[in-house]
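Visitor: Structural data only, the sequence is not supplied:
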DNA sequence: TCTCAGAATGAACACGCTTTCATTCATCGT
DNA sequence: ACGATGAATGAAAGCGTGTTCATTCTGAGA
């Protein structure tokens, strides 16, 4: 009996279990493989002995022969962001339920994805890789990680050029039109005429698509095109740029933000610095519906992109591709809808 | 084709690199090990060929022989929480800088940590494990993960019983007294007399320690003991229980929350439902100083537990223990301090 | 020129596991 | 009772790497 710190007990191995239970090592392997053919009583005995010895199969050794690491690499630009962390949470939970462990990597502050990281990650042999860094090209991923098959998250509402560019990948299509249209309609219904679009990071495909969609819908409804407030998905930037827009530029009576956090910044700028009321003077709508959006101080009306739904769809694609690497490319679809709270009417 | 190496679609192996570069496979291994003795020109050649072949050493195979997986398991109850995700972000960033990859696991909704998860995680052979689930006993961790050495996060301000219980583990001591004392002093200075403590989850050591410390400091200053508002670190619960306290119980003129998110819930209950002003009618202080605390709608005065500092200290302990498993147990210390914003005076 | 220490080299082994594959065992239909 | 069928079994062959260890090479000092 040694003290807990200096104790260096080595892990139990299949050999030890086999010897203890008086069976062959192969039997131990089979006992832990549900589909292997082994006599039930024998399996029970082995599992019992294994538990006594605190034995767990070594995933590294296992992955060497099976070719499956049960690891899924996830790349996130900023784990601490509300949206990103909620996305990560949903995905990790879903992966865990399917028997995969999450291998988490964080990129630098911007959305850029350097190949050093990918190369390093490749060393761990992940069965699949999910890159939430939006600007990474699927082809880059495919080049560096020769085993992984990328999935392309597209916004088919927009021009089809992007669509044509990657027809061979699995696709997850996010239909943003419905939610955005409901949002614009609601704001217009409450008298909004002059719209601003509070954009996210310029290289984000999502923000680009949302901006184009807002412009298009405004045009369809006979409203002037939106004024661009250039944000980067962050609170501080949204706060500052909203201030600038109202002080140096033309005021608006409706702000459509590319994400919820940006909307919070805009709301706070309007209320605490500009003395304007939301929604009476300015209507605000966000995008995402993160947990914080129902906090009473904001009570944000926002376009919901259901994270559970989106994660499940993504996971379906991944698992199907993992099961059959050569099947033709698949497409899943998720939609958006407006969640009405208190920042419009 | 005459060259089977370039036509192979699967991962490049050290053997392929060796054959292509006309060197032995051992040389390839040495080229990737900085301390190995190999002629510099030879190493350069090998690294060049390796890059051309898109070769990366297989960490699974490497870990089998070295005994180091370069994996650190992290267990979090809820990745999507602001505090948890900011903690995870800091730790992942720090680990990545040290050459470790993060193996992320999520526990069920409560703080409980089931052994199935630990056993599963053990299969991946993590070099170390960080469990942010506060109620897990270090001894449980040590029992299931025979290789990992737990680090005990303690609050030495509190009674020493806990301290004695685990004197053999490495310790990270969080000194909460300074920050809490400053907070109470500030609130008292602005006229607060009747305090409430908005607690977190009951099984959280952190909230227990904070509660005891608040009680002690109030006593020292001749103030009545705090009224307990039982929360669970969540916004909704804090909102509801604060409402209950003011409607069904005795109103207070100061709320000390065990975490920032709870403080947000309390503030929103006071302002939007009870028609009270913060800080004029009720003073509120939080704990953590998460990113959201400086958002203008809250502008929360809070006790800051510096996450970077805490993460660095934790990492120092882990790395030292990894380097020398038999060295005597170490203790690192981090402190807290009040960040004054707008919810007190 | 010779000696010798230290650097460089490669064959062989080990890590812990799964998967053939050939063999034995139990079961069943006739 | 007797092959025939399928399930159960274990020996051996890897998976891709780092690490001995014995050997060869290199260069400096005498």
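Guide: Nice, thanks for sending it over. What you are looking at is a predicted structure, and each value in this text was computed from that prediction instead of being measured. Residues are numbered from 1 along each chain as shown, chains lettered A, B, ... in the order given.

Visitor: Name the residues of the stretch 51-200 of chain A found near DNA strand D, please.
Guide: Within the stretch 51-200 of chain A, the positions adjacent to DNA strand D are A:61, A:64, A:65 by CB under 7 Å from any atom of the strand. C-betas here are computed from N, CA, C, even on glycine.

Visitor: Chain B next: which of these are close?
Guide: A:61, A:64 (CB under 8 Å from any CB of the partner chain).

Visitor: Which one of the residues of the stretch 51-200 of chain A next to DNA strand D sits in the busiest neighbourhood?
Guide: Tallying neighbours with other CB atoms under 10 Å in any protein chain shown puts residue A:61 at the head of those, with 17 neighbours.

Visitor: what separates that one from residue B:124, distance-wise?
Guide: Distance, residue A:61 to residue B:124, using CB to CB, to the nearest Å: 11 Å.

Visitor: Same question for residue A:202.
Guide: From residue A:202 to residue B:124 the distance is 38 Å (CB to CB).

Visitor: Have a look at these two and say which one is more surrounded.
Guide: residue B:124 (24 against 13).

Visitor: Tell me if I'm right that the more buried one and residue B:72 touch.
Guide: No. Residue B:124 sits out of contact with residue B:72 when judged by CB atoms under 8 Å, with a separation of 10.3 Å.

Visitor: Common neighbours of these two, please.
Guide: residue B:103 (CB atoms under 8 Å, 6 or more residues apart in numbering or on different chains).

Visitor: give me the low-pLDDT residue ranges for chain A?
Guide: A:1-9, A:109-113, A:134-139, A:147-150, A:157-168 (pLDDT under 70).

Visitor: Around DNA strand C, which positions in it sit nearby?
Guide: A:10-11, A:13-15, A:25-26, A:28-30, A:32-33, A:36, A:55, A:57-58, A:61-62, A:64-66.

Visitor: Would you mind checking those residues for buried ones?
Guide: A:11, A:13, A:14, A:28, A:29, A:30, A:32, A:55, A:57, A:58, A:61, A:62 (16 or more other CB atoms under 10 Å in any protein chain shown).

Visitor: Which parts of the stretch 201-345 of chain A are helices?
Guide: Assigned by DSSP state H, counting those that start in this stretch, the stretch 201-345 of chain A shows helices spanning A:205-220, A:235-248, A:260-268, A:307-323.

Visitor: among those helices, which is nearest chain B?
Guide: Smallest distance to chain B across the helices of the stretch 201-345 of chain A (CB to the nearest CB): 3.8 Å, for helix A:260-268.

Visitor: Correct me if wrong: residue A:253 contacts residue A:283.
Guide: Yes. Using CB under 8 Å, residue A:253 is in contact with residue A:283, at 6.7 Å.

Visitor: any common contacting residues for these two?
Guide: Contacts common to residue A:253 and residue A:283, judged by CB under 8 Å, 6+ apart, are residue A:192.

Visitor: Those two: which is more packed in?
Guide: Applying other CB under 10 Å to residue A:253 and residue A:283 shows that residue A:283 carries more neighbours, namely 25 against 18.

Visitor: Next up, the contacts around the more buried one.
Guide: So residue A:283 contacts A:187, A:190, A:192, A:253, A:254, A:255, A:343, A:344, A:345 (CB under 8 Å, 6+ apart).

Visitor: cutoff 10 Å now
Guide: Going by CB atoms under 10 Å, 6 or more residues apart in numbering or on different chains, residue A:283 touches A:183, A:186-192, A:195, A:252-256, A:301, A:343-345.

Visitor: That one and residue A:262, how far apart?
Guide: Going from residue A:283 to residue A:262 by CB to CB gives 15 Å.

Visitor: Check residue A:196 too.
Guide: 11 Å.

Visitor: where do the contact lists of those two overlap?
Guide: Counting by CB under 10 Å, 6+ apart, the shared contacts of residue A:196 and residue A:262 are A:229, A:241, A:242, A:255, A:284.

Visitor: Pretty sure residue A:198 is one of the things the first one touches, is it not?
Guide: Yes. With contact taken as CB atoms under 10 Å, residue A:229 and residue A:198 are classed as touching, separated by 4.6 Å.

Visitor: Comparing these two, which residue is more hemmed in?
Guide: The residue with more neighbours, out of residue A:229 and residue A:198, is residue A:198; 31 against 24, by other CB under 10 Å.

Visitor: Could you list the domains of chain A?
Guide: With automatic domain parsing as the criterion, the domains of chain A are listed as A:14-57, A:71-170+A:307-329, A:177-306.

Visitor: Contact partners for whichever residue of the stretch 151-300 of chain A sits closest to DNA strand C?
Guide: In the stretch 151-300 of chain A, the residue that lies nearest DNA strand C is residue A:170 (25.0 Å; CB to the nearest atom of the strand). With contact taken as CB under 10 Å, 6+ apart, residue A:170 is in contact with A:138, A:149-153, A:314, A:316-318, A:320-321, A:327-332.

Visitor: Same question for residue A:241.
Guide: Residue A:241 neighbours (CB under 10 Å, 6+ apart): A:196, A:198-199, A:228-232, A:249, A:262, A:265-266, A:269.

Visitor: Nothing else from me, thank you.
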